[in-house]
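Student: Quick one, what's the 3D model for this:
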Amino acid sequence: MTILTIGLVALFYLRRDKRNSILIWGLPNSGKTLLYYQLRDGLFRETVSSSIANSGTFSLFDDPKMKPINIIDQPGFRQLRGQVDSLLPSARGVIFLIDSVEFPREANDVAEYIYYLLVHPEINKNGTKLHLVFNKSEMVTAMNESSILTELENRLLQIRESRKATGTSEQEEEEVTLGVEGQSLKLRDLPIPISWSHNSVKKREVEQITHFIQSLF
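Tutor: As a prediction, the model looks like this:
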């Protein structure tokens with residue numbers, strides 16, 4: 001019995017140790033790659049949308065004493081969304097960037113991507129934490145945090161009700177029901193650990209993002 005117990009504990013920690021990466025994701029031009037370089041180098045870099053992921057193992061620029069971690073900047077093109085499935089098993093946290101300026105025009109797509117994460121079996125099984133970054137707060141036309149949250153929750157509710165009516169799912173495994181059927185949807189009430197912040201990655205306002213990462217390790 002003792003040997004069996006030790007074996008189970010060792011298996012638990014082995015599985016836990018494999019979840020050693022941070023996944024950065026979001027629609028194209030939301031600031032993912034800029035954030036990646038900010039976390040790595042603390043520098044502003046001009047970036048362009050790419051279909052190739054950036055990945056590296058390094059200590060955060062703002063916390064050089066921190067143990068090096070693997071950070072993946074995953075392209076946000078819709079046709080590449082399936083690649084996220086292979087990255088989630090090793091992800092301890094997901095940072096999802098939202099363009100606060102373009103959100104009124106991209107709200108449907110943003111909601112679909114986030115819904116995909118929130119009902120994903122791998123995220124719900126592992127309790128993977130999710131942090132939403134409402135980026136580009138330095139812009140005069142940026143939508144404020146409370147307005148984005150309200151609209152996002154409304155769109156997520158619409159997606160849930162639509163999929164319930166049609167019986168559709170994007171997951172090979174049975175996806176988790178988001179929230180409580182028949183009730184309004186609030187991100188704070190979901191069982192998945194989810195947080196958010198209004199940031200300007202361009203101006204290197206990334207403290208809340210680095211705090212999120214530090215809380216995972």
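Student: Need the single longest helix in this protein, by residues.
Tutor: Of all segments of type helix in the chain, defined using DSSP state H, the longest is helix 145-166.
Student: Check which element follows that helix along the chain.
Tutor: As assigned by DSSP states H and E, the chain's next helix or strand after helix 145-166 is strand 194-198.
Student: name the helices or strands packed onto that next one?
Tutor: Under the contact definition 3 or more C-beta pairs under 8 Å, 6 or more residues apart in numbering; DSSP states H and E, strand 194-198 sits against strand 129-135, helix 145-166, helix 207-216. Placement of C-beta: from N, CA and C, glycine included.
Student: Return the set of buried residues in the shortest one.
Tutor: Of the residues in strand 129-135, those buried under the neighbour-count criterion (16 or more other C-beta atoms under 10 Å) are 129-135.
Student: Helix or strand next in line after the helix or strand bottoming out on mean pLDDT in the chain, which one?
Tutor: Sorting the helices and strands of the chain by mean pLDDT, DSSP states H and E puts helix 2-18 at the bottom, at a mean of 47. The helix or strand immediately downstream of helix 2-18 is strand 21-26, counting by DSSP H and E.
Student: Show me which residues of the helix or strand just after that following strand are buried.
Tutor: Using DSSP H and E, the helix or strand that follows strand 21-26 towards the C-terminus is helix 32-41. Of all the residues in helix 32-41, those buried under the rule 16+ other C-beta under 10 Å are 32-40.
Student: got a list of contacts for the strand ranked longest in the chain?
Tutor: Criterion DSSP state E: the longest strand present in the chain is strand 91-99. Around strand 91-99, the neighbours that count as contacts under C-beta atoms under 8 Å, 6 or more residues apart in numbering are 19-27, 29-32, 35, 72, 88, 106, 110, 113-114, 117, 123, 128-136, 148, 201, 209, 212-213, 216-217.
Student: let's see it at 7 Å
Tutor: 19-27, 29-32, 35, 106, 110, 114, 117, 128-136, 148, 209, 212-213, 216 (C-beta atoms under 7 Å, 6 or more residues apart in numbering).
Student: cool, and stretch 189-200?
Tutor: 118, 123-124, 127, 129-138, 145, 179, 187, 205-206, 208-209, 212.
Student: Could you give me the buried positions within it?
Tutor: 190, 192, 194-200.
Student: export those to a markdown table and tack on distance to Gln158 and pLDDT?
Tutor: Converted to a markdown table, those look like this (distance: C-beta to C-beta, whole Å; pLDDT from 0 to 100):
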| residue | distance to Gln158 | pLDDT |
| --- | --- | --- |
| Leu190 | 16 | 90 |
| Ile192 | 19 | 90 |
| Ile194 | 19 | 96 |
| Ser195 | 23 | 97 |
| Trp196 | 20 | 97 |
| Ser197 | 25 | 97 |
| His198 | 24 | 96 |
| Asn199 | 27 | 95 |
| Ser200 | 29 | 96 |
